[in-house]
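**Student:** got a sequence here, can you build the structure:
(chains A and B)
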Amino acid sequence: GAGVSQSPRYKVAKRGQDVALRCDPISGHVSLFWYQQALGQGPEFLTYFQNEAQLDKSGLPSDRFFAERPEGSVSTLKIQRTQQEDSAVYLCASSFSSGNTIYFGEGSWLTVV
Amino acid sequence: QKEVEQNSGPLSVPEGAIASLNCTYSDRGSQSFFWYRQYSGKSPELIMSIYSNGDKEDGRFTAQLNKASQYVSLLIRDSQPSDSATYLCAVNQVANTGNQFYFGTGTSLTVIP
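**Tutor:** Purely as a prediction, here's the structure:
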């Protein structure tokens, strides 16, 4: 596609519910990143893929967070048993290769009530 | 210490003035540097990238890099109200696990008509 596409754009989850956020990167982009952005803060790194390999997941805040990119294209960020502190915008970004400029999707706004 | 530090502001400048935004980073091995603009409720969009010491100009924007001082800045000449946004500094670091992009918390800029 022309840009990074994320869905859903907005999600309201009840505390304890599982959610799945999808990212479709720019076609041909090898690297894919997930960030979490709380209100008034900069994007915080969560995890990074190169093709289907998850090279770094050091930013995932707990074992409730899980990300995958099984075919090296679309990625899913899953949050189990959501908590209120998970409320944030989840940004996906992709780049053509390592070190190149990263381009962001519009984000998935998660509110946990 | 965070990887990337920015003054959160807010920074206010009158229309037509020069806005100066600053950023420092901790990893001396960082390879490349980026400035993103983020309007409220929107995702970050790339303004400029810079890879070598010195200045890089693009229209009203000038990025400045000083690797010895681990310092990056962005100057916006002839500031316009439409420049009012949060400006994010991003740094690309090469790690064993590949390339990482770290963001500062952002500087909020308001251009007063």
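**Student:** only C-alpha atoms from now on, for both contacts and neighbour counts.
**Tutor:** OK.
**Student:** need the pLDDT of residue 62.
**Tutor:** Defaulting to chain A. With respect to pLDDT, residue A:62 scores 94.
**Student:** think we crossed wires, I meant chain B
**Tutor:** Predicted confidence (pLDDT) for residue B:62: 98.
**Student:** the longest strand in chain B is where?
**Tutor:** strand B:85-95 (DSSP state E).
**Student:** of all the residues in that strand, which ones are buried?
**Tutor:** Neighbour counts over strand B:85-95 (16 or more other CA atoms under 10 Å in any protein chain shown) mark B:85, B:86, B:87, B:88, B:89, B:90, B:91, B:92, B:93, B:94 as buried.
**Student:** ok, now stretch B:8-21?
**Tutor:** Residues B:8, B:11, B:13, B:15, B:18, B:19, B:21 are the ones in stretch B:8-21 that count as buried (16+ other CA under 10 Å).
**Student:** thinking again about what came up before, send me the longest strand of chain B as PDB with only the CA atoms.
**Tutor:** Taking Å, rounded to 0.1, in the frame of the first residue of the first chain, the C-alpha atoms of strand B:85-95 are listed here in PDB:
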ATOM      1  CA  ALA B  85       3.100  21.100  16.700                       C
ATOM      2  CA  THR B  86       5.300  18.800  18.800                       C
ATOM      3  CA  TYR B  87       8.800  18.200  17.300                       C
ATOM      4  CA  LEU B  88      10.300  14.800  18.000                       C
ATOM      5  CA  CYS B  89      14.000  14.100  17.800                       C
ATOM      6  CA  ALA B  90      14.900  10.500  16.800                       C
ATOM      7  CA  VAL B  91      18.200   8.800  16.900                       C
ATOM      8  CA  ASN B  92      19.200   5.600  15.100                       C
ATOM      9  CA  GLN B  93      21.600   3.300  17.000                       C
ATOM     10  CA  VAL B  94      23.200   0.200  15.700                       C
ATOM     11  CA  ALA B  95      22.900  -2.700  18.200                       C
END
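**Student:** nice, that's everything, thank you.
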